[in-house]
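**Q** Give me coordinates for this.
(one chain, ligands or ions: 1)
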Amino acid sequence: MPGQETPIDAVVVGAGFGGMYAIYKLRSMGLAVHGFEAASDVGGTWWWNCYPGARCDVESLDYCYAFDEALLDEWKWSERFATQPEVLRYADHVADRYGLREHITFSARVNGCTWHEEQRLWTVTTENGDEVRARFLIAATGCLSKPNRPDLPGLDDFAGEVLFTQAWPHEGYDLSGKRVGVIGTGSSGIQTIPVIAREVEHLTVFQRTANFTLPAVNRPIFPEYEAEIRADYLGHRREILQNRAASVKQTIADSAFDLTDEEREAAYEAKWQRGGAGGIPVLFADSLTNPAANEEAARFVRRKISEIVDNPETAEALTPRDHPIATKRICLDTDYYATFNRPNVTLVDLKKTPIERVSTDAIRTTDATYPLDVLIFATGFDAMTGPLRAMNVRGIGGHTIEEAWADGPRTWLGLMVAGFPNLFTITGPGSPSVIVNMIPAIEQHVNWVADLIAHMRKTGQTRVEPLDAAQEEWVNEVRRVAEATLYPLANSWYNGDNIAGKPRMFMAYLGGYPAYAQHCEEIAAAGYSGLELAA
Ligand code: NA7
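**A** Here you go, the predicted model:
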């Protein structure tokens with residue numbers, strides 16, 4: 001690790017896909033770079049979220065770096081949607097291949113980042129007492145890395161095992177023969193429930209909000225499809241970057257009503273059978289802007305639930321009715337709804353019968369007691385802003401990011417924050433991030449930051465900060481685009497609704513990857529308009 005006396009060029013916080021690529025890229029430009037990572041190895045969210053059934057919901061051939069064609073060519077994915085262990089093996093391979101680990105201090109959680117205006121340097125400290133000074137601070141802290149762990153009444157009394165999907169034991173946990181409760185039915189709960197239901201004696205699922213989930217139809221990758229992509233992998237990548245989600249285009253028409261009722265039903269059915277990222281709502285471009293179009297997709301999925309789930313009462317409890325489909329992040333599953341037909345699975349609808357308290361060996365709701373040996377929290381994250389706020393970032397005049405974002409995150413392009421010079425937020429709030437394929441989004445951000453740093457070095461600049469007016473304009477643009485959609489109608493982590501007291505604000509840019517990337521390029525071409533650069 002670099003000494004405290006000599007400042008380095010850049011500190012990168014986080015060694016997930018964002019941090020790994022930032023370290024690789026900046027080092028390849030000859031910069032002195034050091035990374036800090038709270039986990040004991042690379043992988044970021046894929047290191048932490050190693051619960052049974054964890055799997056990527058973007059097709060694996062597209063969920064990978066494209067910065068090096070040799071890497072693209074040599075890495076072989078085994079399934080259409082990679083499992084968490086396979087994604088982690090990929091991260092491990094990347095770290096080995098490019099010798100990244102020697103530039104990273106692991107098991108080192110950053111607990112302070114302070115800007116020094118005089119020296120134009122950041123001081124970064126960790127809980128272990130490490131301290132490094134650097135010209136640039138790259139926060140590659142991920143969008144979903146600060147867990148939300150609800151404090152249920154009586155939880156401390158629980159004598160059984162408490163597990164968290166976001167921090168599952170890496171050595172695994174034997175659930176066989178156990179009475180297990182899962183709280184939470186977002187992506188993590190929906191992925192893990194069918195897998196652990198096969199293992200446990202009894203599984204009780206505590207559901208607060210019924211969620212839409214669609215069949216992933218995971219399988220080995222079709223060899224012909226893979227060969228077609230590999231014939232021109234970079235060309236394929238360029239092609240998918242023309243699509244809103246930076247992944248394979250699924251949209252077949254502008255409006256759900258461009259098709260007759262029969263045609264639309266057949267299209268939904270075909271997509272249901274085929275599975276795949278985004279699922280039914282991505283078939284029509286108006287699914288997330290036109291309530292009637294959205295309702296068509298929602299109705300189709302609700303009917304599927306009623307057909308799959310045997311017990312009508314359970315089926316109804318599993319049926320989402322309080323938000324438009326895909327306005328909470330759509331889930332992809334394998335056998336989720338069918339799992340509730342198993343005799344060893346019970347669904348508890350917390351909207352009807354809320355949890356009263358946890359006791360030594362059970363959860364008591366308003367109408368029953370559910371005995372448990374193990375309690376699993378799949379309760380999500382303080383998304384997007386949580387990881388940055390947790391680092392105790394202090395900018396000009398000692399002002400914290402906490403203060404700057406008291407009314408919700410205010411960023412310039414999701415890349416920088418006024419008042420926090422030389423700080424870059426990889427896939428930060430206000431960028432497309434979680435709405436699109438994350439790895440291309442990471443590459444686009446890191447490349448853009450690297451180009452800006454190269455420009456600054458060439459022109460002898462040492463300080464960069466977005467102008468207040470430019471940031472305000474972008475914040476308004478993110479809001480304007482979100483308000484033209486149905487997304488704000490849901491209580492979701494996209495809006496900050498899942499964390500008590502968090503200001504409500506749609507946190508991702510919904511204008512699509514191509515428009516966003518083009519906007520970033522235009523800004524660079526215009527000599528970095530919107531930024532104040534100083535020598
Ligand atoms: P999510 O999608 O935020 O899901 C969390 C789930 O936990 C959701 O069903 C919540 O219900 C539920 N929850 C949260 N707090 C509580 C309490 N206090 N009581 C009961 N239930 C609760 O997180 P995931 O980890 O599943 O997925 C996050 C992303 O990771 C996912 O979208 C993918 O991008 C990968 P709610 O809906 O808030 O009523």
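
**Q** got the residues of the chain near the ligand?
**A** By Cβ under 6 Å from any ligand atom, the residues of the chain that approach the ligand are 144, 150, 183-189, 208-209, 329, 350, 378-381, 493, 498. Glycine gets a C-beta too; all of them are placed from N, C-alpha and C.

**Q** what about the spatially closest residue to D407 that is not a sequence neighbour, neighbour count?
**A** Among residues not flanking D407 along the chain, P503 sits closest, at 5.2 Å (Cβ to Cβ, 6 or more residues apart in numbering). When neighbours are defined as other Cβ atoms under 10 Å, P503 has 13 of them.

**Q** cool, the one 3 residues further on as well?
**A** F506: 21 surrounding residues under other Cβ under 10 Å.

**Q** can I assume it is in contact with W493?
**A** No. Here F506 lies out of contact with W493, judged by Cβ atoms under 8 Å, at a distance of 10.8 Å.

**Q** hang on, the earlier thing: the residue nearest to D407 against P429, yeah?
**A** No. Counting by Cβ under 8 Å, P503 sits too far from P429 to count as a contact (11.4 Å).

**Q** Need the three-state assignment for H445.
**A** Following DSSP: H, G, I helix; E, B strand; the rest coil, the label given to H445 is helix.

**Q** What's the separation between it and I138?
**A** H445 sits 10 Å away from I138, going by Cβ to Cβ, to the nearest Å.

**Q** now T334
**A** 36 Å.

**Q** Name the residue in these two with the higher neighbour count.
**A** With neighbours defined as other Cβ under 10 Å, T334 and I138 compare such that I138 has more, 30 against 19.

**Q** Residues in a beta bridge with the nearest residue in space to the more buried one that is not next to it in sequence, which ones?
**A** Among residues not flanking I138 along the chain, V12 sits closest, at 4.5 Å (Cβ to Cβ, 6+ apart). Under DSSP bridges, the beta-bridge partners of V12 are G35, I138.

**Q** same thing with M416?
**A** Beta-bridge partners for M416, by DSSP bridges, are W412.

**Q** so it touches L467, yeah?
**A** No. Look at M416 against L467 with Cβ under 8 Å: they stay out of range, at 10.3 Å.

**Q** Now the common contact residues for these two.
**A** Common neighbours of M416 and L467 are listed as L531 (criterion: Cβ atoms under 8 Å, 6 or more residues apart in numbering).

**Q** which one of the two has more residues nearby?
**A** Neighbour count, other Cβ under 10 Å: between M416 and L467, M416 has more, with 26 against 14.

**Q** Got the phi and psi for G386?
**A** The phi and psi torsions at G386 (degrees, to the nearest 10) take the values phi -50, psi -50.

**Q** Against V348, how distant is it?
**A** Taken as Cβ to Cβ, the span from G386 to V348 is 28 Å.

**Q** For burial, what's the neighbour tally of the closest residue to the ligand within the stretch 351-500 of the chain?
**A** Closest contact between the stretch 351-500 of the chain and the ligand, by Cβ to the nearest ligand atom, is at G380 (2.5 Å). Residues lying near G380 (other Cβ under 10 Å) number 23.

**Q** mind listing what it touches?
**A** Going by Cβ under 8 Å, 6+ apart, the list of residues near G380 reads L144, P147, N148, G184, G186, S188, W493, N498.
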